[in-house]
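[1] Sequence first, then the predicted structure:
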Amino acid sequence: MVEYKPIKKVVSGNYAAAYAVLHARVQVVAAYPITPQTSIIEKIAEFIANGEADIQYIPVESEHSAMAACIGASATGARVFTATSAQGLALMHEMLHWAAGARLPIVMVDVNRAMAPPWSVWDDQTDSLSQRDTGWMQFYAENNQEVYDGVLMAFKVAETVNVPAMVVESAFILSHTYEIVNMIPQELVDEFLPPRKPLYSLADFENPIAVGALATPADYYEFRYKLARAHEEAKKVIKDVGREFGERFGRDYSEMIEKAYIDDADFVFMGMGSLMGTVKEAVELLRKQGYKVGYAKVRWFRPFPREELLEIAESVKGIAVLDRNFSFGQEGILFTEAKGALYNNGARPIMKNYIVGLGGRDFTVSDVKAIAEDMKKVIESGKLDREVEWYHLKR
Amino acid sequence: MEVPEDVKRRLTLPFEENFFAGHTACQGCGASLGLRYVLKAYGRKTILVIPACCSTIIAGPWPYSALNANLFHTAFETTGAVISGIEAALKALGYKVKGEDGIMVVGWAGDGGTADIGLQALSGFLERGHDALYIMYDNEAYMNTGIQRSSSTPYGAWTTNTPGGKRHFLEKRHKKKVIDIVIAHRIPYAATASVAYPEDFLRKLKKAQKIPGPSFIQLFAPCPTGWRAPTDKTIEIARLAVQTAYFPLFEYENGKYKINMPNPKKEPKPIEEFLKLQGRFKYMTKEDIEVLQKWVLEEWERLKKLAEVFG
């Protein structure tokens, strides 16, 4: 690690994102307001107004146009950012496919917010997880520091593999909650994240190109394969970039799944985002009380860390998957993904799905303890009473 | 091919060709002519954005392109937004946009992609004032999907979803005046043009390049396939659209209207002359034709008044 003095700021998750955009020297931002994302783009506008940032800022008329404008800007070679939440992300959906298909390394922050109706502005991962198959990478932040670090790393990973990346943070729990974030001096960020070298640029008039032209059945298939392969390559890039980040700045992200107490654990809690901060605290308490529990926070949902998951699954008897999301007609989305990744690999821990915190329902340390009790019974009896538990349900 | 200098001097259009043979347009396609003129006017330093429309196909499938300019294919409703993003990025990267020797960013979208699904993104682009040009090539229906009506389809037209039949189920709404919606944004430059008048179109393209800010051109581009018209009548039909005042040529520049009719003193020809060359109008009754004729003349009077008051 290089010796450096971090810039300590007490900021919200949204401001952490905005500072990362400033430090990443983003060149174009196109965005549309939506709660709880709005303070990201407000802060960026403030940076521009104060002369701190030199950014072309497009106040578009919808999120669909926000992503379309980002696509145009990124195809021209600029480093591009946007932010949204819930309905806004859903409106972007078509263009998320377009950004990935055109291999444009756009970075976006999605502030997780529940989908309506009924209206809700609170935390829920179903918005971002509904974008699972668009070809975007997804990084879930546990705290404001990870929002800041995540945006910087997302640019580096995205621009290496030419795949767009989404950094996901929780509504209000992170977006509007202030905590200390250690920021990195500009010159050190510049060393970590040099200017973008685009795969192609619409401003290159020596070599005219047509991007996105019709591909017949004889060619389309290979385009898809190349994007699939880029996601596989991204796994290595993510680990390398995460390690480099640790070596430079002291916070290591070389694991796509952050783990604790796995080796001797009977079972682990697995989940994503801010709720895993609560789980982390609860696991410490449970350990003191003699529970053999571990912790596995999935940082990158896309590409999905199958190999790391397998290592965990091989060493534990059970996995309690906490999903702050739901796929109707099935189960929690991380639960499906985790089970699917293990099926052909032999590891068969007992897996139970707990649906928690939808629409911002509070999820506390005592909830984690109650789930630990339930999971302990499942492990001891060797019997799964039910696969999916709607944990908070008023009965 | 070597062309003698004195011949070149007599040409009324630039000699340079950046739209090549091998494109896949239908015979007599008005849109492909328009695209050719755009590239004649601006040359290679052009970034074209084409949403879902006939031109997606005309430009050629991967890995081919009939255009000697950069082309970005995009989703149906996004032309206005994508050209906004390209313009912003060019500025962020330090390029000169628009003006003499500046890069031309051109949105090239059909009437459905402009008047219907792309109207919001168009409005956003115009209102925010980006230095780019949006061209709506108007063939008066969704031709690429197989001739369905758009809000730019005229009264009385047959299309595959206004098929006439026993119940006389034809298009019964008048053509949307997209240019009026554009002018409501009070942009510096908006104009109508026609493939039948290429010198006028080229002049307008040059003006759109010179004037800073967003510009818009609505280009009348007959579609023989969709209009059920002979493929050698494209120019004649387009000329009659102007001569009947069905599609008058005019400019809106910095708040002032200017009519650019080829024979300004001449009274408009009867609308039947425009209609009779096209199979799409064959189901119209005498009453239908009267309704359309009345509308055409009312709109023409309205435009003349605008040019009189704001000329």
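    Yes, it's here.
[2] Which positions in the stretch 101-250 of chain A make contact with chain B?
    A:202-205, A:208-216, A:219 (Cβ under 8 Å from any Cβ of the partner chain). Where C-beta positions appear, they are placed from N, C-alpha and C, glycine not excepted.
[3] What subset of these is buried?
    A:202, A:203, A:205, A:208, A:209, A:210, A:211, A:212, A:213, A:214, A:215 (16 or more other Cβ atoms under 10 Å in any protein chain shown).
[4] hang on, the first one in a helix?
    No: under DSSP: H, G, I helix; E, B strand; the rest coil, residue A:202 sits outside any helix and is assigned coil.
[5] returning to what we had before: can you list which of the residues of the stretch 101-250 of chain A next to chain B are found in strands?
    A:210, A:211 (DSSP state E).
[6] Show me the domain layout of chain A.
    The record's domain parsing of chain A by automatic domain parsing lists A:7-249, A:257-390.
[7] I'd like the mean pLDDT over stretch A:50-57, please.
    For stretch A:50-57, mean pLDDT rounds to 98.
[8] With residue B:114 as the reference, name the closest of the domains of chain A.
    With Cβ to Cβ, the closest approach to residue B:114 among the domains of chain A belongs to domain A:7-249: 14.5 Å.
[9] mind checking the end-to-end distance for that closest one?
    The straight-line separation of the ends of domain A:7-249 (Cα to Cα, to the nearest Å) is 12 Å.
[10] Please tell me how far it is from the chain's geometric centre.
    10 Å (Cα atoms, centre = their mean, to the nearest Å).
[11] ok, for residue B:139, nearest residue in space, not its chain neighbours?
    Of all residues beyond its chain neighbours, the one nearest residue B:139 is residue B:223 (3.9 Å), with distances taken as Cβ to Cβ, 6 or more residues apart in numbering or on different chains.
[12] Backbone dihedrals for the nearest residue in space to residue A:81 that is not next to it in sequence, please?
    Ranked by Cβ to Cβ, 6+ apart and with sequence neighbours excluded, the top spatial neighbour of residue A:81 is residue A:26, at 4.6 Å. Dihedral pair for residue A:26: phi -60, psi 140, per degrees, to the nearest 10.
[13] any chance you could map the helices in chain A?
    Secondary structure of chain A by DSSP state H: the helices cover A:13-23, A:38-49, A:63-75, A:86-101, A:126-129, A:144-161, A:186-192, A:220-249, A:275-288, A:306-315, A:333-342, A:365-381.
[14] tell me the contacts of the residue nearest to residue A:242 when sequence neighbours are not counted?
    Counting by Cβ to Cβ, 6+ apart, residue A:242 lies nearest to residue A:253, which is 3.2 Å off, once chain neighbours are set aside. Residue A:253 sits next to A:149, A:153, A:238, A:241, A:242, A:243, A:245, A:246, A:299 when contact means Cβ atoms under 8 Å, 6 or more residues apart in numbering or on different chains.
[15] now with 10 Å?
    Going by Cβ atoms under 10 Å, 6 or more residues apart in numbering or on different chains, residue A:253 touches A:139, A:146, A:149-150, A:153, A:238-239, A:241-246, A:299-300.
[16] For chain B, what is the nearest residue in the stretch 251-395 of chain A?
    Closest contact between the stretch 251-395 of chain A and chain B, by Cβ to the nearest Cβ, is at residue A:302 (21.8 Å).
[17] what's around that residue, how many residues?
    22 (other Cβ atoms under 10 Å in any protein chain shown).
[18] got the contact list for residue A:102?
    Taking Cβ under 10 Å, 6+ apart as the test, what residue A:102 contacts is A:71, A:74-75, A:95, A:162, A:164, A:199-200, A:211-212, B:72-74.
[19] and with 6 Å instead?
    By Cβ atoms under 6 Å, 6 or more residues apart in numbering or on different chains, the residues touching residue A:102 are A:211, A:212.
[20] how far away is it from residue B:132?
    Distance of residue A:102 to residue B:132, given as Cβ to Cβ, to the nearest Å: 19 Å.
[21] Endpoints of stretch B:249-256, how far apart?
    14 Å.
[22] Name the residues that touch that stretch?
    By Cβ under 6 Å, 6+ apart, stretch B:249-256 touches B:183, B:188, B:189, B:190, B:191, B:192, B:242, B:258, B:259, B:260, B:261, B:310.
[23] For PyMOL, write the selection for the buried entries among those.
    The buried residues among the contacts of stretch B:249-256 can be selected in PyMOL (16+ other Cβ under 10 Å) with this line:
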select buried, chain B and resi 183+188+189+190+191+192+242+259+260+261
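[24] Quick check: the farthest pair among the contacts of stretch B:249-256?
    Largest pairwise distance in the contacts of stretch B:249-256, by Cβ to Cβ, is 24.1 Å, between B:188 and B:242.
[25] how about the residues of chain B near chain A?
    B:44-45, B:47, B:61-62, B:65, B:68-73, B:75, B:78, B:81-82, B:84-86, B:88-92, B:95, B:121, B:124 (Cβ under 6 Å from any Cβ of the partner chain).
[26] Quick one, which of those are buried?
    B:47, B:61-62, B:65, B:68-73, B:75, B:78, B:81-82, B:84-86, B:88-92, B:121, B:124.
[27] my read is residue B:290 is in a strand, agree?
    No: counting by three-state DSSP, residue B:290 falls outside a strand, being helix.
[28] Just give the number of residues close to it.
    12.
[29] Tell me which residue in the stretch 101-250 of chain B sits closest to chain A.
    Going by Cβ to the nearest Cβ, chain A is nearest to residue B:124 of the stretch 101-250 of chain B, at 3.6 Å.
[30] what do you get for the stretch 51-200 of chain B?
    residue B:85 (2.9 Å).
[31] How much space separates the nearest residue to that residue once chain neighbours are set aside from residue A:266?
    Distance criterion Cβ to Cβ, 6+ apart; nearest residue to residue B:85, sequence neighbours excluded, is residue A:72 at 2.9 Å. Distance, residue A:72 to residue A:266, using Cβ to Cβ: 53 Å.
[32] Those two: which has the busier surroundings?
    Neighbour totals were compared for residue A:72 and residue A:266, and residue A:72 leads with 35 against 16 (other Cβ under 10 Å).
[33] what about chain B, any weak spots by pLDDT?
    By pLDDT under 70, the weakly predicted segments of chain B are B:1.
[34] tell me, how many neighbours does residue A:81 end up with?
    Residue A:81 has 31 neighbours, counted by other Cβ under 10 Å.
[35] ah, wrong one, I meant residue A:195
    So residue A:195, with other Cβ under 10 Å, has 11 neighbours.
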